[in-house]
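**Q** dropping the sequence and predicted coords here.
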Amino acid sequence: MLHSTTFVPKYSCLSTKLTPAFFLLAIFLSMNPSYFICNLRTDIVSVTPWLAPVVWEGTFQPVLLDSIYQKRNITVAATVFAVGKYIRFLKDFLETAEQHFFVGFKVKVYVFTDQPNEVPKVKMAAGRELVVRLVQNSKRWQEISARRMEIIQTLIEEMLKNDVDYIFCLDVDSKFHSRWGTESLGELVAVIHPGYYKDDRSRFPYERRPTSRAYVAPGEGDFYYCGGAFGGVLAEVHQLAQTCHKNFDDDAKEGIEAAWQEESHLNRYLWLNKPSKVLSPEYLWQDFKARNSEVRVIRFSGVIKDYNQIRPN
């Protein structure tokens, strides 16, 4: 169980009994007609209480989904920040993205860095593009993290509005291992944090000080989402980035810094604005963690590193 209030509908894809769960399933499938064909997994939660899909291996049909989105001729953007010593992770990120991230689709990867001359030369497939943009470094990694939301907001406003359909904002100190594709697309997409997906929500590291705009009260919250991967359509991600940026700045003016900086503000936002699709911890695992039995595939993971060596403070 993810937490004590998790809703797990009990139904079979072969059952026609008109139970309340059947009607909930019918509503869910009408909202997500291309998602579930027949979910045979019983070891995981595959739908949220607000009827958003939770994407795990075995809950989607990749060939069907790809064929639907290929007809729409979509373009997907990814943002990644390689500032300071984090530039060392960029090569693996880019090379593995070429192998696994929306293969066969038009993709634009936006790299924000203070060292544009150090961006590795990675061969991109046809229809895929790497765009490098200069940003300033900072003496505190917390400030680098905080500025990310503002930069994403500005990128959408100035460059992406008429060019891109979906955007994912990803951490550079990570790499891809398996497919990350059309099954992840939605209006507003969040990833369950691998460190807390089995915990009761009372153990989630939400910001608990009411003075902060990232505050989530005890007893509130759905999942604990990671700040290293989120996305959706441009309008939704723009609203998320704009709100989190403003709340972070307003907190800072009052001398407040949320417990986990932008991740805390992200979790507050997603508590109030439910994601339309939730990705399982397959979509941002942690390399230092052993894989649990329900995690059949690791698609994207944070690499093992020494923070004392790569963070400015």
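**A** Perfect, I can see it now.
**Q** so where do the helices sit in the stretch 1-150 of the chain?
**A** 20-31, 62-72, 90-100, 141-155 (DSSP state H, counting those that start in this stretch).
**Q** for the longest one, name the packing helices and strands.
**A** For helix 141-155, the contact count by 3 or more C-beta pairs under 8 Å, 6 or more residues apart in numbering; DSSP states H and E identifies strand 75-82, strand 166-170, helix 234-253, helix 261-272 as packing neighbours. C-beta coordinates here come from the backbone N, C-alpha and C atoms, glycine included.
**Q** hmm, 6 Å instead?
**A** When contacts are defined as 3 or more C-beta pairs under 6 Å, 6 or more residues apart in numbering; DSSP states H and E, helix 141-155 packs onto helix 234-253, helix 261-272.
**Q** and what of the third one?
**A** Using 3+ C-beta pairs under 6 Å, 6+ apart, the elements in contact with helix 90-100 are strand 174-176.
**Q** now the helix or strand just after the strand it packs on: mean pLDDT?
**A** Stepping forward along the backbone from strand 174-176, the first helix or strand reached (DSSP states H and E) is strand 188-192. Mean per-residue pLDDT for strand 188-192: 99.
**Q** alpha carbons of strand 188-192, as PDB, please.
**A** Listed in PDB are the C-alpha atoms of strand 188-192, where the atom choice follows Å, rounded to 0.1, in the frame of the first residue of the first chain:
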ATOM      1  CA  LEU A 188       0.000  17.200 -15.900                       C
ATOM      2  CA  VAL A 189       2.400  14.400 -15.100                       C
ATOM      3  CA  ALA A 190       4.100  13.600 -11.800                       C
ATOM      4  CA  VAL A 191       6.500  10.900 -10.700                       C
ATOM      5  CA  ILE A 192       6.200   9.100  -7.400                       C
END
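**Q** against which helices or strands is it packed?
**A** Applying 3+ C-beta pairs under 6 Å, 6+ apart, one finds that strand 188-192 contacts strand 225-233, strand 277-279.
**Q** can I get those strands in JSON lines including distance to D171 and mean neighbour count?
**A** As requested, those are arranged in JSON lines below (distance: least, C-beta to C-beta, whole Å; neighbours: other C-beta atoms under 10 Å):
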{"stretch": "strand 225-233", "distance to D171": "4", "mean neighbour count": "24"}
{"stretch": "strand 277-279", "distance to D171": "14", "mean neighbour count": "25"}
